[in-house]
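Undergrad: I'd like to go over a predicted model; first the sequence, then the structure.
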Amino acid sequence: MKKKIYVLGLLDWQRKELETIHEADQYEFISLLTKDELVEEYAGFDDLLDRCRRQIERDGKPDGIVCHWDFPSSCITPLLAKEYGIRAPSLAAVLRCEHKYWARLEQQEAVPECTPAFQALDPFASDAASSLRMEFPVWLKPVKGFSSMLSFMVKNQEDLENALSEMRESIGDVGKPFEEALRHADLPEEVRDVSGTHALAEEVMSGIQFAPEGYVQDGEVHLHGMFDMLLEQGGKDLLGLRYPADLPQALEKRANDAARRIIERVDFHDGCFNVEFRYDEAKDKLWIIEVNPRISQSHSALFRRVDGMSNYEIAVSVALGQTPNFPQDEGPNQVAAKLSLEKLDDAEVTRVPDADEIEKLEKEYDAFIQIGVQKGDRLSELPRQPSYAYHVGDVFIGADSKDHLMERYRDIARRAGFEFSDGEGLRT
């Protein structure tokens, strides 16, 4: 019988990536809940966990569970794995990465030279604005959030008060479900009073951004890929991901060594991860941004284009306790990227490309294009938008050089056929 592999919030294009792995025909890939339930809705954590249990009771016991989304999926996975006796990191290990304050405490022990100064703040405390002990400027962000939502560059006291006010309005959308997840774990004393609706102030980091991806199996940390995180707007806005990263070998080794120390410190086992870093060349300073305790589904198509196989090969193998059989440099491209289609200023979407237009571009450029908006959408009203531009879609594309890659991306952005009420097009 085929082994049942549950994948939280599995989309059709992700299923196609899964079908590239070794012996894919030996597995039954089952979507555990939908992306809308896990990513778009602000549902309670315990409610989602119960929905997962009911589906598994209906569809059969899992042989493995794969997580490729952020919270709540990342915290649902270890709880279900423990209940069904299958491999996955512990909830405590995941929370040591997901809870940004707890994560900084662990990083301070493992890689103090890479950890920025930080402080927890309660936005709802009467003295919140006066309790900051750090000097401006600081970054202020939720203890648990998504992308750059509710993240602020705070340069003075007025900025701080405004940021805290905005946080009070909506930090609970994610923070309250995260508090439900925290109740499933035995938290250390220094973390117990820092709830899901707290904020984290931290030292401003600068420099290029990149991320190694890896996994842990039988107690050994393995690293199998390094990604450039391409930045716009003076290093504040993530344009996309490029594989392989264009880094000096010594810097790559330094980041990999730091990643190993962090992963070992948080006691992470039987799972996939990626670690985001920044490097300030002028100061020769390596910073850690965060650890993502899951496979990155954004990396999957890029691995396939360059190495010849999706990284789901690794995720499924680790979930089943098998040694991954992952190729290198066997794909059709020298370099590949996932790049964001973005609009700089707010407007209403008056036209999106139709399916035939998208298919034509995909065939011409051997690309995969995702559309994230509909005609009539007001960009500023869409959920989970980045802070510095409006996201309308993504392009997955490969090329024979990084310059050729960006040229092809800009061609697609110019030709995609989006139109907006202010007459402006996409950022190219």
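TA: Sure, I can see it.
Undergrad: quickly run through the sheet partners of the longest strand seen in the chain, with directions.
TA: Using DSSP state E, we find that the single longest strand of the chain is strand 220-232. Sheet pairing of strand 220-232 (DSSP bridges) gives strand 208-217 (antiparallel), strand 237-243 (antiparallel).
Undergrad: compare those strands and give me the one nearest Tyr312.
TA: strand 208-217 (11.8 Å; CB to CB). C-beta coordinates here come from the backbone N, C-alpha and C atoms, glycine included.
Undergrad: I figured Thr115 hits Ala103, correct?
TA: No - assessed by CB atoms under 8 Å, Thr115 is found out of contact with Ala103, at 9.6 Å.
Undergrad: tell me the secondary structure at Tyr409.
TA: Three-state assignment for Tyr409 (DSSP: H, G, I helix; E, B strand; the rest coil): helix.
Undergrad: quick one: pLDDT of the residue nearest to it when sequence neighbours are not counted?
TA: Distances taken as CB to CB, 6 or more residues apart in numbering place Leu339 nearest to Tyr409, at 4.9 Å, with adjacent residues excluded. Leu339 carries a pLDDT score of 96 in this model.
Undergrad: which helix or strand contains Leu339?
TA: strand 335-343 (DSSP states H and E).
Undergrad: residues in contact with whichever helix or strand comes after that strand?
TA: Along the chain past strand 335-343, the next helix or strand (assigned with DSSP H and E) turns out to be strand 349-351. Strand 349-351 is contacted from outside by 373-379, 392, 417-421, using CB atoms under 8 Å, 6 or more residues apart in numbering.
Undergrad: if we can go back for a sec, can you pull the buried residues of the longest strand of the chain?
TA: 221, 223-232 (16 or more other CB atoms under 10 Å).
Undergrad: do stretch 135-148 as well
TA: Quick answer for stretch 135-148 (16+ other CB under 10 Å): 138-145, 148.
Undergrad: between the two ends of that stretch, how far is it?
TA: 22 Å (CA to CA, to the nearest Å).
Undergrad: ok, back up a step: looking at the strands paired with strand 220-232, spot the one closest to Leu302.
TA: Comparing the strands paired with strand 220-232 under CB to CB, the one sitting nearest is strand 237-243, at 4.2 Å.
Undergrad: following element in sequence after that closest one, please.
TA: By DSSP H and E, the next helix or strand past strand 237-243 is helix 249-265.
Undergrad: where does the stretch 51-200 of the chain dip in pLDDT?
TA: Across the stretch 51-200 of the chain, the ranges flagged by pLDDT under 70 are 147.
Undergrad: all helices of it, in order?
TA: Counting by DSSP state H, counting those that start in this stretch, the stretch 51-200 of the chain has these helices, from start to end: 73-84, 91-98, 100-110, 157-170, 172-182, 189-192.
Undergrad: that older thread, for the longest strand of the chain, the distance to its chain's centre please.
TA: 12 Å (CA atoms, centre = their mean, to the nearest Å).
Undergrad: do stretch 124-131 as well
TA: For stretch 124-131, the distance to the chain centre is 30 Å (CA atoms, centre = their mean).
Undergrad: which SS class is Glu424?
TA: When the rule is three-state DSSP, Glu424 gets the label coil.
Undergrad: I figured it hits Ala347, correct?
TA: Yes - Glu424 is within contact range of Ala347, at 6.9 Å (criterion: CB under 8 Å).
Undergrad: which of these two has more neighbours?
TA: Neighbours per residue, other CB atoms under 10 Å: of Glu424 and Ala347, the larger number sits with Ala347, 18 against 13.
Undergrad: the more buried one and Asp377, how far apart?
TA: 10 Å (CB to CB, to the nearest Å).
Undergrad: give me the phi and psi angles of Leu33.
TA: phi 60, psi -170 (degrees, to the nearest 10).
Undergrad: okay, now it: neighbour count?
TA: 21.
Undergrad: check contacts around it.
TA: If you count contacts by CB under 8 Å, 6+ apart, then Leu33 has 8-9, 48, 51-52, 55 around it.
Undergrad: just to revisit the earlier point, pLDDT-wise, what's the bottom of the buried residues of strand 220-232?
TA: Glu232 (74).
Undergrad: contacts only, for the closest residue in space to it that isn't next to it in sequence.
TA: With sequence-adjacent residues excluded and distances taken as CB to CB, 6+ apart, Glu232 is closest to Leu239, at 4.8 Å. By CB under 8 Å, 6+ apart, the contact set of Leu239 is 230-232, 339-340, 342.
Undergrad: now do Ser90
TA: Ser90 neighbours (CB under 8 Å, 6+ apart): 78, 82, 267, 269.
Undergrad: what distance do you get for it to Gly44?
TA: 22 Å.
Undergrad: before we move on, what about Pro177?
TA: Distance from Pro177 to Gly44, by CB to CB: 6 Å.
Undergrad: of those two, who's got more company?
TA: Each of Pro177 and Gly44 had its neighbours counted (other CB under 10 Å), and the higher figure belongs to Pro177 (23 against 13).
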